[in-house]
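J.: pasting the sequence and the predicted coordinates here, then a few questions.
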Amino acid sequence: MKMRSVLSSAAITAALAHGSMAFAAAIDFDVGFVTLQDISISQVSSLSFGQNVFGTADSTCTVTPTLATGTDTGAVADADVTDGISGAGCLSVSTGTSNNFSGIYVVTGEPGQSINLTIASVDGTDFDFSPTVIAVDDTATYSTASSIPQDSPTAITLDSTSGNLNLVIGGTITIGSTTLTPNTSYTEQFTITATY
């Protein structure tokens, strides 16, 4: 009888020990990520007022870009942009799609991701520059293009498939207080900044 009691106790202890192992587990699981695509900015066409500026002190000259048709989509090319030049500081050039004064730039990053975009004005030695910016992704129709204010970080979303954002940039140059030398090239640089 004593033997039966010892065997019963051993069986119960073994069952409890085995049962408690069934209710515990330790399993390793992965944790990871994929880094975001770098943001890049490329130039399709450069912004240039051409050989149309007088260079007279304190005068202005403006390139005002528009997109030629509102129904087009996709990457912006020179033929998609209508622009001209006007102002007391330059020859007047009528608007048209063959002028190609406006600059075209493409911001590329993670598709569908929102970015902060800043287009800086220029306070230069010989002239100042205030940009006028139109932005549209590859999928949206040109009629939905957004205006981006200068010097102000603006939230905007990259194309959901290509990750592209097309920028068309014109603007106004203002000559400084000194008249510039005729038949001479003058250049300043403006900055496009894009961050996630």
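T.: Thanks, I have the structure now.
J.: Thr178: what's its closest spatial neighbour, skipping adjacent residues?
T.: With sequence-adjacent residues excluded and distances taken as CB to CB, 6 or more residues apart in numbering, Thr178 is closest to Ala57, at 5.7 Å. Backbone N, C-alpha and C define where each C-beta goes, glycine included.
J.: quick one: secondary structure of the one you found?
T.: Under the three-state scheme (DSSP: H, G, I helix; E, B strand; the rest coil), Ala57 adopts coil.
J.: the helices in this protein, which residues?
T.: Remark: helices assigned in the chain by DSSP state H are 2-22.
J.: can you map out the strands along the chain?
T.: Taking DSSP state E as the test, the strands found in the chain are 40-45, 60-63, 66-67, 81-86, 93-96, 103-108, 114-119, 122-123, 127-137, 146-148, 154-157, 164-175, 192-195.
J.: now tabulate the ones you listed in JSON lines and tack on mean pLDDT and distance to Thr181.
T.: Listed next are the strands of the chain as JSON lines, based on pLDDT from 0 to 100; distance: least, CB to CB, whole Å:
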{"stretch": "strand 40-45", "mean pLDDT": "98", "distance to Thr181": "27"}
{"stretch": "strand 60-63", "mean pLDDT": "98", "distance to Thr181": "16"}
{"stretch": "strand 66-67", "mean pLDDT": "94", "distance to Thr181": "33"}
{"stretch": "strand 81-86", "mean pLDDT": "96", "distance to Thr181": "20"}
{"stretch": "strand 93-96", "mean pLDDT": "95", "distance to Thr181": "22"}
{"stretch": "strand 103-108", "mean pLDDT": "98", "distance to Thr181": "25"}
{"stretch": "strand 114-119", "mean pLDDT": "98", "distance to Thr181": "29"}
{"stretch": "strand 122-123", "mean pLDDT": "98", "distance to Thr181": "19"}
{"stretch": "strand 127-137", "mean pLDDT": "97", "distance to Thr181": "13"}
{"stretch": "strand 146-148", "mean pLDDT": "96", "distance to Thr181": "33"}
{"stretch": "strand 154-157", "mean pLDDT": "98", "distance to Thr181": "37"}
{"stretch": "strand 164-175", "mean pLDDT": "98", "distance to Thr181": "12"}
{"stretch": "strand 192-195", "mean pLDDT": "98", "distance to Thr181": "29"}
